[in-house]
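Participant: give me a model of this one.
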Amino acid sequence: MISSCGYSNSPQQEEKELVVLEDQIEQVASVSVGAEQTTDYLPLLEDKKVGIVGNQSSLIGQTHLVDSLLTLDVNVKKVFSPEHGFRGKADAGEHVSSEKDQKTGLPIVSLYGKNKKPTQDQLKGLDILVFDIQDVGVRFYTYISTLHYVMEACAEANIPLIVLDRPNPNGHYVDGPVLDMKYKSFVGMHPVPIVYGMTIGEYGQMINGEGWLEKNYTCDLTVIPCKGYDHDTPYSLPVPPSPNLRSDVSIQLYPSLCILEATTVSVGRGTDGPFERYGHPDFPEMDFKFMPKSGPGSKSPKHMNVKCYGYNMGDAPRRETKFDLNFLLNSSKLLKGKTFIDRSRMFNLLSGNAELAEQLKVGKSEEDIRSSWEEKLNAFKLIREKYLIYE
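Facilitator: Below you'll find the predicted structure:
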């Protein structure tokens, strides 16, 4: 197996990866997602005009939720799609246009184009919405922002919403700075830490319960829980939730590496291992190197066609237990005297405050940085407990 960066895996490595894959398949098989609990929600859709909020992760087994519901004679009228589009192929941040689904002919309304919140006109004629999108449990991963706006629009239109719950692959821990609401944006809408340890169904209950919707609206929300899942259950996603989260390793590392997107450091977009590595042309020469190229999911990657030296974490399975500051601290140290944070506003939006950038600038230790968010993090954990569905 030869990578596009010129490195090969040994037979021993390939054997190890096969064992890991078999374990992951067994884990996925032991969990039954909300979409599979059809007897729990099909009665709620009977004689209703239904809208679906979904993407490529909206599956019942190997079949798309939309196709399954149409086969079951559910009157699906319209599909709403989040960032990356209905088929999940658009780049991060790429404008997504509304269109028609080629297979079913259903109209697809983009919630990452002209509007991020469904308009009342777009909801007209619908009796109920079903939300089924695989999340990864990170504050700046925008599917929870889409959930917020869908809940708000449903509340305004007096339309019930069903969330078909799915496991959170990062649901086993809670960590990172809590968002300062001065930095509220589509990559952070609520006062939660970077890793919040909740499924998207639990998160929806928190949005309602904490009064985070506009004008104190409350959405008529029903969550269809997973079966065979708790927060300690390892879960390997059956399909990539977005173009650059292609592996379990990338999903585990994403919470800690994504903030580097607002710096001059590459996180491997445009390579065969996005969010499994990080590097920079000005890092000292190292054994590991990569060269970002334009391709699907990353049309104009950082440092395109330039050799980067850095670190590869993609060779072995991982199970992170904290928001890891070492990638930021190490990058800042290696680029001492050179531009590190090149998009300061985006850095603050991703971190959720202005403090982290300043702490890195003055050389604060990991211990000092972590202690600065501990009080608010502990307060959030108490709030979180009220909305948990799973142990």
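Participant: against Trp212, how distant is Arg181?
Facilitator: Wrong residue type there; residue 181 is Met, not Arg. Going from Met181 to Trp212 by CB to CB, to the nearest Å gives 10 Å. Yep, even glycine has a C-beta here, placed from its N, CA and C like the rest.
Participant: so between those two, which is more surrounded?
Facilitator: Neighbours per residue (other CB atoms under 10 Å) separate Met181 from Trp212, with Trp212 holding more: 17 against 11.
Participant: ok, and the closest non-adjacent residue to the more buried one?
Facilitator: Nearest residue to Trp212, sequence neighbours excluded (CB to CB, 6 or more residues apart in numbering): His190, at 5.6 Å.
Participant: how close does that neighbour get to Met151?
Facilitator: His190 is 12 Å from Met151, by CB to CB.
Participant: ok, Pro177 next?
Facilitator: 25 Å.
Participant: of these two, who's got more company?
Facilitator: Using other CB under 10 Å, the more surrounded residue of Pro177 and Met151 is Met151, with 25 against 21.
Participant: what residues does the closest residue to the more buried one other than its chain neighbours make contact with?
Facilitator: Excluding the flanking residues, the one nearest Met151 by CB to CB, 6+ apart is Cys219, at 3.9 Å. By CB atoms under 8 Å, 6 or more residues apart in numbering, Cys219 lies in contact with Met151, Glu152, Cys154, Ala155, Leu161, Gly204, Ile207, Asn208, Leu213.
Participant: try 10 Å
Facilitator: Cys219 is in contact with 129, 147-148, 150-156, 159-161, 163, 204-205, 207-208, 213, counting by CB atoms under 10 Å, 6 or more residues apart in numbering.
Participant: looking at it, the residue nearest to Trp212 is touching Ile144, isn't it?
Facilitator: Yes - the pair His190 / Ile144 is scored as a contact, 7.8 Å apart, by CB atoms under 10 Å.
Participant: so what sits against both of those two?
Facilitator: Tyr196, Tyr203, Met206, Ile207.
Participant: report the separation between the third one and Asn170.
Facilitator: This means Met206. Per CB to CB, Met206 is found 16 Å from Asn170.
Participant: could you do Asn75 as well?
Facilitator: Applying CB to CB to Asn75 and Asn170 gives a distance of 36 Å.
Participant: higher neighbour count, those two?
Facilitator: Neighbour count, other CB under 10 Å: between Asn75 and Asn170, Asn170 has more, with 27 against 14.
Participant: sec struct for that one, please.
Facilitator: Here Asn170 is recorded as coil under DSSP: H, G, I helix; E, B strand; the rest coil.
Participant: switch to numbering from 488
Facilitator: Sure thing, new numbering starts at 488, so read that last one as Asn657.
Participant: how about the nearest residue to it, chain neighbours excluded?
Facilitator: Gly624 is the one closest to Asn657 (CB to CB, 6+ apart), at 3.8 Å.
Participant: I'd say the one you found and Gly663 touch.
Facilitator: No - contact criterion CB under 10 Å: Gly624 and Gly663 do not qualify, at 11.1 Å.
Participant: which regions of the chain sit below the pLDDT cut-off?
Facilitator: Counting by pLDDT under 70, the chain has low-confidence residues at 488-516, 571-572, 574-585.
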